[in-house]
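[1] how does the following fold in three dimensions:
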Amino acid sequence: MKGIYLAAFRAAHNNYDIVYQDIDGKRDIGGDMMDIDLSPYDFIIATPPCNYWSICNYRRNNSKYALATKHLLPEIINKLCKLDKPFIVENVRNKPLFDEYKLYDFPCFVYIIGRHTYWTNILLPAGIPQRQDFLNGGRVIMYDDMKDKSHQGGYNVHQVIEVWLSIVTDLLKE
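    Model (predicted):
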């Protein structure tokens with residue numbers, strides 16, 4: 001079983017056969033996640049940029065990067081919902097904006113776990129471990145297993161993806 005992780009940044013799930021894609025080409029595959037041929041893969045993980053969708057980004061309508069990547073979240077969910085392959089897409093939580101753009105209306109499961117939203121065609125169990133990553137005022141909590149204060153692709157997302165991968169690999173073995 002081979003999977004692909006789109007917009008992977010630093011994500012790593014070493015116990016699985018996964019090809020990592022990111023736009024800057026510093027991973028296995030570079031380029032735009034929407035242009036990647038998904039046919040060779042048995043499952044797909046995607047974590048498109050959250051810059052437009054984040055509640056914290058008060059400049060979303062003025063940021064060139066946020067505006068340039070805004071389309072990726074709805075387009076990848078739409079694309080993956082049409083495939084007959086297990087998928088999961090992660091992004092931030094932003095109910096007002098997701099309601100406005102109808103991001104909860106795709107034909108798949110939507111889970112809000114911790115500070116993140118997940119779209120998938122696989123049932124997830126309740127109680128996936130999460131930890132507090134920020135103190136009041138937005139100060140990052142630095143845990144011993146972190147090499148820096150970046151939370152992009154951090155512990156909480158990693159935990160959910162690991163549970164999802166365990167379920168998917170069991171399903172694909174059947």
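
[2] list the helices and strands the longest helix seen in the chain packs on?
    If you go by DSSP state H, the chain has its longest helix at helix 155-173. Secondary-structure packing of helix 155-173 (3 or more CB pairs under 8 Å, 6 or more residues apart in numbering; DSSP states H and E): strand 43-46, strand 87-92, strand 109-113, strand 116-120. The C-beta positions use only the backbone N, C-alpha and C, and glycine is treated the same way.

[3] what do you get if the cut-off is 7 Å, keeping everything else the same?
    Counting contacts by 3 or more CB pairs under 7 Å, 6 or more residues apart in numbering; DSSP states H and E, helix 155-173 is packed against strand 87-92, strand 116-120.

[4] reformat those as TSV; add distance to residue 157 and mean neighbour count.
    Putting the helices and strands packed on helix 155-173 into TSV (distance: least, CB to CB, whole Å; neighbours: other CB atoms under 10 Å) gives the following:
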stretch	distance to residue 157	mean neighbour count
strand 87-92	6	24
strand 116-120	6	22
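
[5] so which of these comes closest to residue 35?
    Across the helices and strands packed on helix 155-173, residue 35 has its closest neighbour in strand 87-92 (16.8 Å, CB to CB).

[6] who touches that closest one?
    Outside strand 87-92, the residues that touch it by CB atoms under 7 Å, 6 or more residues apart in numbering are 43-48, 50, 53-55, 73, 76-77, 80, 115-122, 157, 161, 164.

[7] separate out the buried members of the residues you listed.
    Burial by neighbour count, 16 or more other CB atoms under 10 Å: within those this picks out 43-48, 50, 53-54, 73, 76-77, 80, 115-122, 157, 161, 164.

[8] low pLDDT regions in the protein?
    Where the chain drops to pLDDT under 70, the residues are 133-153.

[9] please enumerate the helices of it.
    With DSSP H, the ranges of helices along the chain come out as 64-69, 72-81, 95-100, 155-173.

[10] show me what counts as buried in the last one.
    Applying a neighbour-count criterion of 16+ other CB under 10 Å, one finds 156-157, 159-161, 163-165, 167-169 buried in helix 155-173.

[11] over to the third one?
    The neighbour-count check on helix 95-100 (16+ other CB under 10 Å) flags residue 98 as buried.

[12] what residues sit buried inside stretch 58-78?
    Quick answer for stretch 58-78 (16+ other CB under 10 Å): 60, 66, 69-70, 72-74, 76-77.

[13] much appreciated, bye for now.
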